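Colleague: A structural model of the following input is requested.
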Amino acid sequence: MATKKNQVSRQGKYSIKVNKNGPYLVSGDVPLLEKIIKYDSRWDTCEWQDSKTYPRQDQYALCRCGQSHTKPFCDGTHLKVKFDGTETASHVVYRDQAAVLDGPALKLADAKILCASARFCHRAGGIWNIIQTSNNPGDKKIAIEEAADCPSGRLVVYDKETGKPIEPTFEPSIVLIEDPSMNVSGPLWIRGGILITSSDDIAYEIRNRVTLCRCGKSQNKPFCDSSHWPE
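Modeller: Below is the predicted model of the structure:
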């Protein structure tokens, strides 16, 4: 459920504030990194490749309009281009947005609206096929890896015995996703349960991994909806 800012400010020192028609205001000395999506043409291997680590800053502003000349940081261009950053994302929690696929070994929750097109889910015939058809330990491992590599948290696998999600462990950080094979820059990958509040001071659900739009085109602002992809 949505929560007023003063009720959630004690969640931790790390926070991201969505500025109305402006940038993301980051505070709490959140590490800022860059990673590249690397894969072969058949998706037999795919991985996140480390690219860059930015100097630590207690506070900084990240471009949200996609037109800054000092990316990833804001340079005020949103004012010149009259960027419309109206937030349209729902405050409904993830589990109420996701469809559930029940397989022999795992359950998969899938909230399609959050897709950031990172494509790690395509490996080995696709996570949906693996979930539905296989109880093989090797396939189960691949499905868990695919879901963990989904930066937006669109895909979450659950252990059928415990009912608990199987999540990667992340230190709080922000990752700039670069996708050179598609010649695009991807979204901001927010990791480790960082608080995100809307421009009207309403907190979004705190999650282990989400992606925020940085091209300015998403129809599900502030979250990515794959609009950065070539049309």
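
Colleague: Could you use CA atoms for every contact and neighbour count after this?
Modeller: OK.

Colleague: what sits against Pro72?
Modeller: The contact partners of Pro72, by Cα atoms under 8 Å, 6 or more residues apart in numbering, come to Leu62, Cys63, Leu176.

Colleague: Between those, which sits nearest Arg95?
Modeller: Within the contacts of Pro72, distances to Arg95 taken as Cα to Cα reach their minimum at Leu176, with 25.9 Å.

Colleague: Which of the helices or strands spans the closest residue to that closest one other than its chain neighbours?
Modeller: Ranked by Cα to Cα, 6 or more residues apart in numbering and with sequence neighbours excluded, the top spatial neighbour of Leu176 is Glu34, at 4.5 Å. Using DSSP states H and E, Glu34 sits in strand 32-39.

Colleague: what pLDDT, on average, does that strand get?
Modeller: The average pLDDT for strand 32-39 rounds to 95.

Colleague: Output the contacting helices and strands for that strand.
Modeller: In terms of contacts (3 or more Cα pairs under 8 Å, 6 or more residues apart in numbering; DSSP states H and E), strand 32-39 is packed against strand 46-53, strand 173-179.

Colleague: In its sheet, which strands sit next to that strand, and in what direction?
Modeller: Each strand pairing with strand 32-39, determined using DSSP bridges, is listed with its direction: strand 46-53 (antiparallel), strand 173-179 (parallel).

Colleague: Now do the last one: everything it contacts.
Modeller: By that I understand strand 173-179. In this structure, residues lying in contact with strand 173-179 by Cα under 8 Å, 6+ apart are 30-38, 72, 184-192, 194.

Colleague: chain center to it, what's the gap?
Modeller: Its chain's C-alpha centre lies 9 Å from the corresponding centre of strand 173-179 when counted by Cα atoms, centre = their mean, to the nearest Å.

Colleague: after that strand, next one along is what?
Modeller: The C-terminal neighbour of strand 173-179 among helices and strands, as given by DSSP H and E, is strand 184-191.

Colleague: which residues are contacting that following strand?
Modeller: Under the contact criterion Cα under 8 Å, 6+ apart, strand 184-191 has outside partners 116, 151-152, 170-179, 207-215, 224, 228-230.

Colleague: swap the cut-off to 6 Å and go again
Modeller: Strand 184-191 is contacted by residues 151, 172-179, 208-214 when judged by Cα atoms under 6 Å, 6 or more residues apart in numbering.

Colleague: And for stretch 23-39?
Modeller: The contact list for stretch 23-39 (Cα under 6 Å, 6+ apart) reads 13-18, 45-54, 57-64, 173-179.

Colleague: Quick one: end-to-end length of that stretch, please.
Modeller: From its first residue to its last, stretch 23-39 covers 31 Å (Cα to Cα, to the nearest Å).

Colleague: Phi, psi for Ser90 please.
Modeller: Dihedral angles phi and psi of Ser90 (degrees, to the nearest 10) take the values phi -80, psi 150.

Colleague: related to what we said a few turns ago, tell me the most buried of the helices and strands packed on strand 32-39?
Modeller: Of the helices and strands packed on strand 32-39, the one with the most neighbours on average (mean count of other Cα atoms under 10 Å) is strand 173-179, at a mean of 21.

Colleague: Can I get it in PDB? Just the C-alpha atoms.
Modeller: Extracted as PDB, the C-alpha positions of strand 173-179 are listed here (Å, rounded to 0.1, in the frame of the first residue of the first chain):
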ATOM      1  CA  SER A 173      23.200   0.500  -5.300                       C
ATOM      2  CA  ILE A 174      22.200   2.000  -8.600                       C
ATOM      3  CA  VAL A 175      23.400   0.500 -11.900                       C
ATOM      4  CA  LEU A 176      23.300   2.200 -15.300                       C
ATOM      5  CA  ILE A 177      22.400  -0.500 -17.800                       C
ATOM      6  CA  GLU A 178      24.100  -0.300 -21.200                       C
ATOM      7  CA  ASP A 179      23.000  -2.500 -24.100                       C
END
